[in-house]
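J.: Got a sequence here, can you model it:
(chains A and B)
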Amino acid sequence: MYVAVKGGEQAIARSLELLAEARRGDTAVPELELAQIRGQLRLGVARVMQEGSLYDEELAALAIRQAAGDMLEAIFLLRAYRTTLPRFGYTLPLDTTAMRVRRRVSGTFKDIPGGQVLGPTYDYTQRLLDFDAAVAAEVAPADVPLPSDMPRVLDLLDAEALIERIEPGSDPEPVDLTREPLMFPADRATRLQNLSRGDEGFLLGMAYSTQRGYAESHPFAGEIRMGEVDVRICPEELGFAIEIGSIVLTECQMINQFHGGNGVPPQFTRGYGLTMGEGERKAMAMALVDRALRCDELAEPNHAPAQNQEFVLSHSDSVEASGFVQHLKLPHYVDFQAELSLLRTLAAQHATDAEEQPLSAAGGQRS
Amino acid sequence: MDTSPHLARPHWMSLLAQADPAELVQAMGAFAPPADTAWLRPAQTGLYMLRGRVGGTGPQFNFGEVTVTRCSVQAGGHIGHAWVRGSDTRHAELAALADAMLQDADRHASLRMQVVEPLRRALDCRRDEASRKAAASKVEFFTVVRGE
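T.: Down below sits the predicted model:
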């Protein structure tokens, strides 16, 4: 518990000025422009959009600049800003099958229809600091564009009925965690919304734990694809669907072993990850955690932290987590005074008791 | 390219939204708003919740939001609407105005020729280039068989 304290207005005003000065840095150096952040720090922009849960490159770039590059603070700024905007509605489901692919790789099949396309990736860099990165390479385009139809890699297994099939079913209206509280047990759609907004570091650690034996699921990266997807809506005023623009998405389809259970034969199962912009690490981590959280549905033993949905979903959000951890900085003076006075009483009591009891008895006590 | 005399409205609305805003401003520069132009719903930025599908093809889930700017205008006796991704109010205004004017049989052909088709070509061209650049990084992996 913390209590409100009065005073300190002058000090707070000076602190805000110090923050503004520190954020700006050396005024002899030009200030960062939003276009530079958008264009040259695109992966940072993608992360802030994804975990801020708002696709808007310009606002994300502004948040990164204002937060002096503190990504979690920028995510917080974006989350706070979205509450000031009216909600117009829900889009039609994004069709990632029709993605205009810019990168697409599979860890399970080397020959896939449409081919493997590396795109812009750090995978094959040597991770050596490049002190002379000023020269930008100009890529010579291939003569032929990629096929417009890039079939899903997992459909290859689906044809042999070796992988679980995933269909809309009755296509129920999903829970919206921006409107409703998280309730347990949460269905898969709800979990995916939570994981979408979840902190990459937290999910990465959780995903890593599943690979190290806490909820073994023998994963393979069936397909990772990144590219542009059309955003479509169907407004009441029109009565027909239109495209309102495109966004870049990264999608990961993880393939996992399944020994059969709940009346289902042995087959491969799927874990799913989706992120805004280029967010491959997050998409892969999300897919692994998504799969681990399906343990009850697939009648698997539920004993690892990554399988515990209350644990994972309650602690995935960086805005909530940093708020609660950092609130400890706020005045807890009254609380602490109470603890202090209690402890003084106990200490005094302990001293009195020690005087009254022989040493051998006191030695066995622990407090 | 669509060669029917009249383009369907969903197609041109989609294209106006997907167009580069700077190119739309330039293309619409040649067209003065009709005398009766009245902004029924001035450009306003808000949010749509993006929906994804579990596994890409399964049931829907709420993925995250996206900024969208909408606008409605009456012009030349028609009502034009626009919804465009992002917070660019000028983009939404011009798209709504173009939507109203494209519904006008007298203005349709010239707008189509000077606005819609150039924007479509520019968009196709950008997409084609991005696709061919990505195709330049297409690989063939060879599996090395051990113990032969």
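J.: what separates the longest helix along chain B from the chain centre, distance-wise?
T.: Longest helix in chain B, counting residues (DSSP state H): helix B:117-135. Centroid separation for helix B:117-135 versus its chain: 14 Å, with CA atoms, centre = their mean, to the nearest Å.
J.: So for B:Arg41, what's the nearest residue that isn't a sequence neighbour?
T.: Nearest non-adjacent residue to B:Arg41, counting by CB to CB, 6 or more residues apart in numbering or on different chains: B:Ser72, 3.9 Å away. All C-beta atoms are positioned from the backbone trio N, CA, C, and that covers glycine.
J.: Tell me how many other residues crowd that neighbour.
T.: Neighbour count for B:Ser72, taken as other CB atoms under 10 Å in any protein chain shown: 21.
J.: shouldn't it be in contact with B:Leu97?
T.: No. In this structure B:Ser72 lies outside contact range of B:Leu97 using CB atoms under 8 Å: 10.3 Å.
J.: what sits in contact with each of the two?
T.: B:Gly80 (CB atoms under 8 Å, 6 or more residues apart in numbering or on different chains).
J.: Number of residues surrounding the residue nearest to A:Phe184 when sequence neighbours are not counted?
T.: Closest residue to A:Phe184 apart from its sequence neighbours, by CB to CB, 6+ apart: A:Glu310 at 5.5 Å. Counted with other CB under 10 Å, residues neighbouring A:Glu310 total 11.
J.: what about A:Glu310, distance to chain B?
T.: From A:Glu310 across to chain B, the span is 19 Å (CB to the nearest CB, to the nearest Å).
J.: wait, doesn't that residue sit right on A:Met183?
T.: No. A:Glu310 is beyond contact range of A:Met183, at 10.6 Å (criterion: CB under 8 Å).
J.: pLDDT on the longest helix of chain B, on average?
T.: The pLDDT scores in helix B:117-135 average 97.
J.: With only the CA atoms kept, save that helix in CSV.
T.: C-alpha atoms of helix B:117-135 as CSV (Å, rounded to 0.1, in the frame of the first residue of the first chain):
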residue,chain,number,x,y,z
GLU,B,117,-5.0,4.0,-63.2
PRO,B,118,-1.8,5.9,-62.5
LEU,B,119,-2.1,5.0,-58.8
ARG,B,120,-2.7,1.4,-59.7
ARG,B,121,0.3,1.3,-62.0
ALA,B,122,2.5,2.9,-59.3
LEU,B,123,1.3,0.4,-56.7
ASP,B,124,1.7,-2.6,-59.0
CYS,B,125,5.2,-1.3,-59.9
ARG,B,126,6.3,-1.0,-56.2
ARG,B,127,4.9,-4.4,-55.4
ASP,B,128,6.5,-6.0,-58.4
GLU,B,129,9.9,-4.5,-57.5
ALA,B,130,9.6,-5.6,-53.8
SER,B,131,8.7,-9.1,-54.9
ARG,B,132,11.6,-9.3,-57.4
LYS,B,133,14.1,-8.0,-54.8
ALA,B,134,12.8,-10.7,-52.4
ALA,B,135,13.1,-13.3,-55.2
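J.: after it, next one along is what?
T.: Where DSSP states H and E defines the elements, the next helix or strand beyond helix B:117-135 is strand B:138-139.
J.: distance between that following strand and the chain's centre?
T.: The answer for strand B:138-139 is 31 Å, by CA atoms, centre = their mean.
J.: got the contact list for the residue in chain B that chain A sits nearest to?
T.: Closest to chain A within chain B is B:Arg85: 3.0 Å, counting by CB to the nearest CB. B:Arg85 is in contact with A:55, A:231, A:244-247, B:17, B:66-68, counting by CB under 8 Å, 6+ apart.
J.: Now it. Its backbone dihedrals?
T.: Torsion angles at B:Arg85 (phi, psi; degrees, to the nearest 10) stand at phi -70, psi 140.
J.: Which of the helices or strands spans the nearest residue to it once chain neighbours are set aside?
T.: Once flanking residues are discounted, B:Arg85 sits nearest to A:Gly245: 3.0 Å by CB to CB, 6+ apart. Element membership for A:Gly245 (DSSP H and E) is strand A:242-256.
J.: And the strands in chain A?
T.: According to DSSP state E, chain A carries its strands in the segments A:54-55, A:87-93, A:100-105, A:116-117, A:219-233, A:242-256, A:269-276.
J.: Could you list the residues in contact with the third one?
T.: It stands for strand A:100-105. A:114-121, A:146, A:148, A:150, A:221, A:223-229, A:246, A:248, A:278, B:127, B:130-131, B:134, B:137.
J.: Which strand residues bridge the closest residue to chain B within the stretch 101-250 of chain A?
T.: In the stretch 101-250 of chain A, the residue that lies nearest chain B is A:Gly245 (3.0 Å; CB to the nearest CB). According to DSSP bridges, A:Val231 are recorded as the beta-bridge partners of A:Gly245.
J.: what does the model give it for pLDDT?
T.: 98.
J.: What distance do you get for it to A:Thr178?
T.: Distance from A:Gly245 to A:Thr178, counting by CB to CB, to the nearest Å: 21 Å.
J.: ok, now A:Phe268?
T.: With distances taken as CB to CB, A:Phe268 is found 33 Å from A:Thr178.
J.: And for A:Leu54?
T.: 10 Å.
J.: what's the answer for A:Glu355, then?
T.: From A:Glu355 across to A:Thr178, the span is 61 Å (CB to CB).
J.: Show me the shaky parts of chain A.
T.: Across chain A, residues meeting the criterion (pLDDT under 70) sit at A:1-5, A:134, A:358-367.
J.: now the helices for it?
T.: All helices of chain A, identified by DSSP H, fall at A:9-24, A:34-40, A:42-52, A:57-66, A:71-82, A:154-158, A:188-197, A:200-211, A:280-292, A:309-314, A:318-326, A:333-356, A:359-363.
J.: cool, chain B as well?
T.: B:9-18, B:21-28, B:89-102, B:105-111, B:117-135.
J.: Same list, those helices, but as JSON lines with mean neighbour count and distance to chain A please.
T.: Shown next, in JSON lines, are the helices of chain B (neighbours: other CB atoms under 10 Å in any protein chain shown; distance: least, CB to the nearest CB, whole Å):
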{"stretch": "helix B:9-18", "mean neighbour count": "22", "distance to chain A": "4"}
{"stretch": "helix B:21-28", "mean neighbour count": "17", "distance to chain A": "10"}
{"stretch": "helix B:89-102", "mean neighbour count": "25", "distance to chain A": "9"}
{"stretch": "helix B:105-111", "mean neighbour count": "14", "distance to chain A": "17"}
{"stretch": "helix B:117-135", "mean neighbour count": "16", "distance to chain A": "3"}
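J.: These: which one's closest to A:Ala20?
T.: Proximity to A:Ala20 (CB to CB) singles out helix B:89-102 among those, at 28.4 Å.
J.: before we move on, the earlier item: ok, the residue of chain B closest to chain A to A:Val319 distance?
T.: In this view, B:Arg85 and A:Val319 are 24 Å apart by CB to CB.
J.: go on, A:Leu59?
T.: 16 Å.
J.: More neighbours: which of those two?
T.: A:Leu59 (24 against 20).
J.: which residues does that one contact?
T.: If you count contacts by CB under 8 Å, 6+ apart, A:Leu59 has them with A:78, A:81, B:67, B:87.
J.: Relative to A:Leu157, how far out is the third one?
T.: In this case it means B:Thr67. Note on B:Thr67: its distance to A:Leu157, by CB to CB, is 38 Å.
J.: Sounds good, over and out.
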